[in-house]
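Peer 1: I'd like to go over a predicted model; first the sequence, then the structure.
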Amino acid sequence: MDARPNSPEARDIRYHLHGYTNARKHQESGPLVIEKGDGIYVEDVAGNRYIEAMAGLWSVAVGFSEKRLVDAATRQMSKLPYYHDFGSKSHSPLIDLAERLVQMAPVPMNKAYFTNSGSEANDTAMKMIWYRSNALGQSARKKIISRKRGYHGVTIAAASLTGLPNNHLSFDLPIANVLHTSTPHYWREAEPGESEEQFASRLAGDLEKLILAEGPETIAAFFGEPIMGTGGVIVPPVGYWEKIQSVLSKYDILLVADEVICGFGRTGEMFGSQTFGIRPDIMVLSKQISSSYLPISALLINERVFEPIAEESDRIGTFGHGFTGGGHPVAAAVALENLKLIEERDLVGNARAVGAHLQARLRRLASHPLVGEVRGVGLIAAVELVADKAGKAPWGKPGALGALVNGLLQQNGVISRNMGDAIAFCPPLIITEAQVNTLVDAFERSLTAALPQVRAQG
Ligand SMILES: Cc1ncc(COP(=O)(O)O)c(C=O)c1O
């Protein structure tokens with residue numbers, strides 16, 4: 001780190017509070033300051049080049065140097081830099097994107113609603129669901145079920161839906177009316193001798209027990225990511241989503257698919273809902289919608305959701321919700337161009353083909369003494385590290401081994417992220433097989449480098 005008083009690092013320490021960072025430790029260790037991007041690579045201020053194996057935050061589908069997105073933004077910025085959708089106003093990029101998204105949806109959807117982040121979109125989904133319950137005269141139907149280790153964002157409602165301790169501790173969360181059911185992580189949570197199918201049935205049973213204990217007439221919706229991302233890339237077991245959906249439909253509970261990570265090709269289908277046979281009432285979209293070149297997110301809602309909302313807004317006089325930046329014309333224009341690129345370049349097909357190669361290469365590491373589980377689908381994967389393979393035990397404090405290997409990986413030219421002891425890989429959808437080989441070779445070298453230290457410390 002460059003510690004000179006006017007270096008970017010020193011000024012970052014002086015002026016900037018980081019998200020998801022130990023603020024005290026950061027004052028010692030400082031930032032990694034990224035200066036530019038090129039394809040799947042980013043470069044820091046010292047000129048070191050890295051494979052961005054997380055596509056930023058699971059989001060830069062088209063890579064870090066896509067001129068067509070820059071041009072789309074410039075064109076729209078020159079024509080109409082800002083407008084909104086309040087009071088029946090509209091503009092072409094928003095209309096085009098709404099039409100495009102509704103037509104792309106894997107199940108019949110009725111309307112698109114625009115927000116600026118995944119968290120805002122999930123908060124909005126929760127408010128729409130409450131509004132709908134009231135519209136239907138079901139004022140008791142306000143409870144929402146999500147899952148332990150699920151991730152839905154950080155605003156007050158979204159952080160409550162999130163099922164990770166760090167998003168609740170000292171924030172006085174979760175709020176009332178949010179409940180968490182079990183995590184579909186077969187490798188970690190299955191009982192001895194239990195098959196994947198039996199495990200999935202047990203989890204559907206847990207959900208039904210929770211619904212019955214709370215009173216089915218009080219449960220409005222279930223939120224889930226097709227694959228849990230931030231919770232550690234948890235791929236659900238065979239039959240899981242079918243069984244969960246049959247419980248939800250039995251009690252007339254809405255299903256929200258949080259497609260913020262899985263959407264737009266990540267799993268080798270356009271949406272994670274297609275990969276897992278999910279039939280949502282609401283889809284939450286963000287990140288790869290614009291490759292995160294500009295912030296934009298959206299909800300797709302079906303008729304069951306839209307119609308009561310329309311009625312209630314008519315009764316009250318307005319749908320009293322909206323964001324200044326919702327459906328921003330420049331962000332919408334960038335999203336439209338990004339979706340065009342995903343289609344033209346068949347990045348979904350690339351996620352499927354190159355994803356299969358990534359999965360196969362990572363699975364070859366399964367016999368490594370530090371590897372507990374390799375999991376993933378398409379271009380999203382995680383390798384969970386353990387010190388004791390048989391007992392699935394961590395190396396000292398949970399997360400210590402993950403942090404060690406993640407640090408070594410960075411020294412080896414790859415930016416990844418450790419969620420506890422799970423090292424995640426979620427590269428741009430443009431990645432090639434040769435680049436996957438470079439990435440996995442660097443990971444293998446990092447595991448090899450960590451081994452003597454792990455053995456020495458027991
Ligand atoms: C599945 C999922 N939902 C919601 C969010 C929150 O999105 P944002 O950070 O844009 O608020 C994320 C962010 O990583 C996510 O992965």
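Peer 2: Perfect, I can see it now.

Peer 1: closest residue of the stretch 1-150 of the chain to the ligand?
Peer 2: Using CB to the nearest ligand atom, the closest approach of the stretch 1-150 of the chain to the ligand is made by residue 118 at 2.3 Å. Just so you know, the C-beta spots here come from the backbone N, C-alpha and C atoms, and that holds for glycine as well.

Peer 1: contact partners for that residue?
Peer 2: Contacts were defined as CB atoms under 8 Å, 6 or more residues apart in numbering; by that measure residue 118 touches 152-153, 158, 258, 260, 284, 286-287, 297.

Peer 1: try residue 224
Peer 2: Applying CB under 8 Å, 6+ apart, the residues near residue 224 are 146-147, 150, 244, 255-258.

Peer 1: so which of the contacts of residue 118 is the most crowded?
Peer 2: residue 152 (33 neighbours; other CB atoms under 10 Å).

Peer 1: that one and residue 223 touch, don't they?
Peer 2: Yes. With contact defined as CB atoms under 8 Å, residue 152 counts as touching residue 223 (6.0 Å).

Peer 1: what touches both of the two?
Peer 2: With CB under 8 Å, 6+ apart, residue 152 and residue 223 have common neighbours 122, 146, 161, 258.

Peer 1: out of those, who's near the ligand?
Peer 2: Among these, proximity to the ligand is found for 122, 258 (CB under 6 Å from any ligand atom).

Peer 1: in strands, which of the shared contacts of residue 152 and residue 223 appear?
Peer 2: 146, 258 (DSSP state E).

Peer 1: now the buried members of the shared contacts of residue 152 and residue 223.
Peer 2: Taking 16 or more other CB atoms under 10 Å as the criterion, what is buried in the shared contacts of residue 152 and residue 223 is 122, 146, 161, 258.

Peer 1: residue 248: which of those residues is nearest?
Peer 2: Checking those against residue 248 by CB to CB gives residue 146 as the nearest, at 12.7 Å.

Peer 1: and the closest one, bridged to which residues?
Peer 2: The bridge-partner assignment for residue 146, based on DSSP bridges, gives residue 180.

Peer 1: surely it meets residue 159?
Peer 2: No. Applying CB under 8 Å as the test, residue 146 and residue 159 come out as separate, 10.9 Å apart.

Peer 1: joint contacts of those two?
Peer 2: residue 152.

Peer 1: all helices of the stretch 301-450 of the chain, in order?
Peer 2: 303-316, 329-344, 347-363, 400-411, 433-457 (DSSP state H, counting those that start in this stretch).

Peer 1: export the ones you listed to JSON lines and tack on mean neighbour count and distance to the ligand?
Peer 2: Compiled in JSON lines, the helices of the stretch 301-450 of the chain are given as follows (neighbours: other CB atoms under 10 Å; distance: least, CB to the nearest ligand atom, whole Å):
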{"stretch": "helix 303-316", "mean neighbour count": "15", "distance to the ligand": "18"}
{"stretch": "helix 329-344", "mean neighbour count": "22", "distance to the ligand": "13"}
{"stretch": "helix 347-363", "mean neighbour count": "20", "distance to the ligand": "17"}
{"stretch": "helix 400-411", "mean neighbour count": "20", "distance to the ligand": "17"}
{"stretch": "helix 433-457", "mean neighbour count": "16", "distance to the ligand": "21"}
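
Peer 1: can you map out the strands along the stretch 1-150 of the chain?
Peer 2: 34-38, 41-44, 49-52, 111-115, 143-147 (DSSP state E, counting those that start in this stretch).

Peer 1: got the buried residues for the third one?
Peer 2: Of the residues in strand 49-52, those with enough neighbours to count as buried (16+ other CB under 10 Å) are 50-52.

Peer 1: format those residues as a markdown table; extra columns: distance to residue 27 and pLDDT.
Peer 2: Shown next, in a markdown table, are the buried residues of strand 49-52 (distance: CB to CB, whole Å; pLDDT from 0 to 100):
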| residue | distance to residue 27 | pLDDT |
| --- | --- | --- |
| 50 | 24 | 98 |
| 51 | 29 | 98 |
| 52 | 26 | 98 |
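
Peer 1: give me the phi and psi for the closest residue to the ligand within the stretch 301-450 of the chain.
Peer 2: The ligand sits closest to residue 426 of the stretch 301-450 of the chain, with a gap of 10.0 Å, by CB to the nearest ligand atom. Phi and psi for residue 426, reported as degrees, to the nearest 10, are phi -150, psi 60.

Peer 1: center of this structure, which residue is that?
Peer 2: Residue closest to the average C-alpha location in the chain (CA atoms, centre = their mean): residue 261, at 3.4 Å.

Peer 1: now it: closest residue in space that isn't a chain neighbour?
Peer 2: Nearest residue to residue 261 in three dimensions, chain neighbours excluded: residue 229, at 4.1 Å (CB to CB, 6 or more residues apart in numbering).

Peer 1: and for residue 203?
Peer 2: Nearest one to residue 203, counting by CB to CB, 6+ apart, is residue 182 at 5.1 Å.

Peer 1: give me every residue that touches that neighbour.
Peer 2: Each residue near residue 182 by CB under 8 Å, 6+ apart is listed here: 147-148, 189, 203, 206-207.

Peer 1: what do you get for residue 116?
Peer 2: 295-297, 323, 325-326, 328, 331.

Peer 1: and what of residue 68?
Peer 2: 337, 341.

Peer 1: find me the pLDDT at it, would you?
Peer 2: Listed pLDDT for residue 68 reads 98.

Peer 1: one more: residue 302?
Peer 2: In this prediction residue 302 is given a pLDDT of 98.

Peer 1: what residues does the stretch 101-250 of the chain have near the ligand?
Peer 2: So the stretch 101-250 of the chain meets the ligand at 117-119, 122, 151-153, 225, 229-230 (CB under 6 Å from any ligand atom).

Peer 1: what number of residues lie near residue 32?
Peer 2: Neighbours around residue 32, by other CB under 10 Å: 16.

Peer 1: need the contact list for it.
Peer 2: 44, 410.

Peer 1: mind listing what the nearest residue to residue 39 once chain neighbours are set aside touches?
Peer 2: Spatially, and ignoring its direct neighbours in sequence, residue 39 is nearest to residue 63 (4.5 Å; CB to CB, 6+ apart). Contact analysis of residue 63 by CB under 8 Å, 6+ apart lists 37-40, 291, 428, 430.

Peer 1: one more time with 10 Å
Peer 2: By CB atoms under 10 Å, 6 or more residues apart in numbering, the contact set of residue 63 is 37-41, 52, 55, 69, 291, 341, 347, 427-431.

Peer 1: any chance of the buried residues of strand 49-52 in JSON lines, with distance to the ligand too?
Peer 2: Output for the buried residues of strand 49-52, formatted as JSON lines (distance: CB to the nearest ligand atom, whole Å):
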{"residue": "50", "distance to the ligand": "20"}
{"residue": "51", "distance to the ligand": "20"}
{"residue": "52", "distance to the ligand": "15"}
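
Peer 1: if anything else comes up later, I'll come back, but that's it for now.
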